[in-house]
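Student: Sharing a sequence plus its predicted fold:
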Amino acid sequence: MTDTAISVQGLGKHYIIGHKKQGEFRHALGDKLKGIFKPDASEKEVFWALKDIDFEIKRGEAVGIIGRNGAGKSTLLKILSRITDPSKGRFEINGRVSSLLEVGTGFHAELSGRENIYLNGTILGMKRAEIKQKFDEIVDFSGVEKFLDTPVKHYSSGMKVRLAFSVAAHLEPEILIVDEVLAVGDAEFQKKCLGKMDSVSKNEGRTVLFVSHNMGAVQNLCDRGILLDQGKLIENDLMETVINKYKNRFSLTNEGKLIITDDIKREGRGLLKIKSIELIENENPVDFFSIGNKSAFRIEIENLNQKAMQNIELSAGIDDAFGNRMTHFSNNFTEQNFSLKPGNNFIDIEFKKLPFVVGIYTLTLHLTQNGVIDDWLRGVFSFMVESGLYYENGRLPAAGKAQVLVEQNFRLIND
């Protein structure tokens, strides 16, 4: 028997994206009618979600796959789970695979939780007697016993994840593939899942592929890591080495602080200069932010003038990994006017509860005095947000369902 669990050679996946030609504007109905008689005049673009990926995973290894949003992580897992086919290259899987890629993966919405446990086991090639032997353990781990005979379509996303993970981990797969979906569960259940994956890998000798933005969880669980960016394999090495490469590649310094050196591109008059940016959480410097915590960007500003400068506006824009502007800050919005003394000054841009979901973001800073630009640093600092506690029950939206989190309340009003 080979000791290779997964072998990937020259793997690639592309999609065809259509774009309307620039300046082309037609009525929607006219578009549809014209499309019946004449091919669409849109331009086609080939987008490679994965390109020339090569790696090998041994039996019993726990491997973390990391990278920014859009790096190709989920596409890779879908190919290895045989949900989608590659466009080029080949891969070989030696062993029974159980995947948890999306909430309720592999569940039939009309069937009950009980029926879905047996359905999933059958799909994995297990006999009814084997499933029955594991049944009580699955139900106990999931904590959904009360709703076991309720159709899954009535489950909350958290309940689906609980049952789906329990089924995926307990029905004796030789290879367990788990995406960021665990972030949907509460903090206690996430910890329970990580413990189970650790046990499956280290104690039972099974192979685990784990995609997550939570560097702490990945580092604790996985010995080896794979870093993807823009569909390409950047690093395949020890987990610690891969995480450091990830942080360095996107300016995610281990100290959570960036010193603005003279070689960094900046615009403006220069009487005021931003010297450093530091991540602060609960009054302490940190390497990354966690969802829901009291957080701040600590901005160090040098006043090169010989006297205090008034009417200062410090603005900050935060973009996601795709370059979409998430939010904008300015002390003009809060009507706070700062006087910066000669020499070094520090301003904290504060969050009472950090509202961003898991991912990598970039910070743009803009500093003016009396409306004149003194310093402008575009996308100068990348920072990472990891999973945390925003709502008291520890639950978070499923991956891709939200970009920012908000305080919320529901109130029933009856006549």
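Tutor: Nice, thanks for sending it over.
Student: CA only for contacts and neighbour counts going forward, please
Tutor: OK.
Student: separation between Asn248 and Asp287?
Tutor: Taking CA to CA, to the nearest Å as the measure, Asn248 falls 12 Å from Asp287.
Student: do Leu238 as well
Tutor: For Leu238, the distance to Asp287 - CA to CA - is 20 Å.
Student: now do Gly371
Tutor: 33 Å.
Student: what about these two, which has more around it?
Tutor: Each of Gly371 and Asp287 has its neighbours counted (other CA atoms under 10 Å); Asp287 has more, 19 against 10.
Student: So the more buried one is in contact with Leu258, correct?
Tutor: No: under the criterion of CA atoms under 8 Å, Asp287 makes no contact with Leu258, lying 10.9 Å away.
Student: what ranges of this protein fall below the confidence cut-off?
Tutor: 1, 18-43, 102-105, 181-187, 250-255, 322, 399-400 (pLDDT under 70).
Student: tell me the domain ranges of it?
Tutor: As recorded under automatic domain parsing, the domains making up the chain are 4-19+42-246, 257-386.
Student: Please enumerate the helices of this structure.
Tutor: 28-37, 73-80, 113-123, 128-142, 157-170, 187-202, 215-221, 239-249 (DSSP state H).
Student: Let me have these in JSON lines, extended by distance to Lys265 and mean neighbour count.
Tutor: Formatted as JSON lines, the helices of the chain follow (distance: least, CA to CA, whole Å; neighbours: other CA atoms under 10 Å):
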{"stretch": "helix 28-37", "distance to Lys265": "44", "mean neighbour count": "11"}
{"stretch": "helix 73-80", "distance to Lys265": "31", "mean neighbour count": "20"}
{"stretch": "helix 113-123", "distance to Lys265": "55", "mean neighbour count": "20"}
{"stretch": "helix 128-142", "distance to Lys265": "52", "mean neighbour count": "16"}
{"stretch": "helix 157-170", "distance to Lys265": "45", "mean neighbour count": "24"}
{"stretch": "helix 187-202", "distance to Lys265": "41", "mean neighbour count": "18"}
{"stretch": "helix 215-221", "distance to Lys265": "29", "mean neighbour count": "18"}
{"stretch": "helix 239-249", "distance to Lys265": "17", "mean neighbour count": "18"}
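Student: which residue packs closest to Asn94, ignoring adjacent ones?
Tutor: Ala5 (4.9 Å; CA to CA, 6 or more residues apart in numbering).
Student: What is the burial count for the one you found?
Tutor: Neighbours of Ala5 (other CA under 10 Å): 21.
Student: Tell me how far it lies from Ile16.
Tutor: 31 Å.
Student: can you check Asn69 too?
Tutor: 20 Å.
Student: Ok, Lys245 next?
Tutor: Distance, Lys245 to Ile16, using CA to CA: 31 Å.
Student: same deal with Ile66?
Tutor: For Ile66 relative to Ile16 (CA to CA), the value is 25 Å.
Student: more neighbours, those two?
Tutor: Ile66 (26 against 10).
Student: The more buried one contacts Lys73, doesn't it?
Tutor: Yes: contact criterion CA under 8 Å: Ile66 and Lys73 qualify, at 7.1 Å.
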